[in-house]
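1. no sequence for this one, just the structure:
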């Protein structure tokens, strides 16, 4: 357990150093997605951003060689039930395909073309979704739950 905490501490220190570095935001995001996927054993990481009017665009992605993530989709494709389920209590959404899933959770998993998913949405001052960061196809659901606070913090950085 001590080794695991030490490893996490080193990872977080390296992560914070990168965020405070002088590189471009694009490079910080790409390298951070790669590190998060590696550390938490995700197979896929992504960032979508809205144009503010009609579309969400895939801005950055890691591990999307199968092209299961849409390069762009209309905001209307994300149904109200779908977006409401993902922003419950302003916390990250996570699900893994199993027999206990609701139909809405399965819809969200199918939308992103993955069997497990962690997504954190970002909203503007009016409560409209302006983007989100997500990770998919994790090997252990317990790891997904452990990284939710970390994703929340990184989301606050991306929102700035």
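-> Perfect, I can see it now. Please read these numbers as outputs of a predicted model, since none were measured by experiment.
2. CA only for contacts and neighbour counts going forward, please
-> OK.
3. what's across from the residue nearest the centre of the chain in the sheet?
-> By CA atoms, centre = their mean, the mean C-alpha position of the chain lies nearest to residue 134, the distance being 1.7 Å. The partner list for residue 134 in beta bridges (DSSP bridges) reads residue 46, residue 119.
4. I'd assumed residue 43 was in contact with it.
-> No: with contact defined as CA atoms under 8 Å, residue 134 does not reach residue 43; the gap is 11.1 Å.
5. And residue 49, which helix or strand is it part of?
-> Taking DSSP states H and E as the criterion, residue 49 maps to strand 44-50.
6. now what about the next helix or strand after that strand, what contacts it?
-> Using DSSP H and E, the next helix or strand after strand 44-50 towards the C-terminus is strand 55-62. Contacts with strand 55-62, where a contact means CA atoms under 8 Å, 6 or more residues apart in numbering, come from 29-30, 33-34, 43-51, 69-75, 131.
7. switch to 7 Å and redo it
-> For strand 55-62, contacts defined as CA atoms under 7 Å, 6 or more residues apart in numbering pick out 30, 33-34, 44-50, 71-75.
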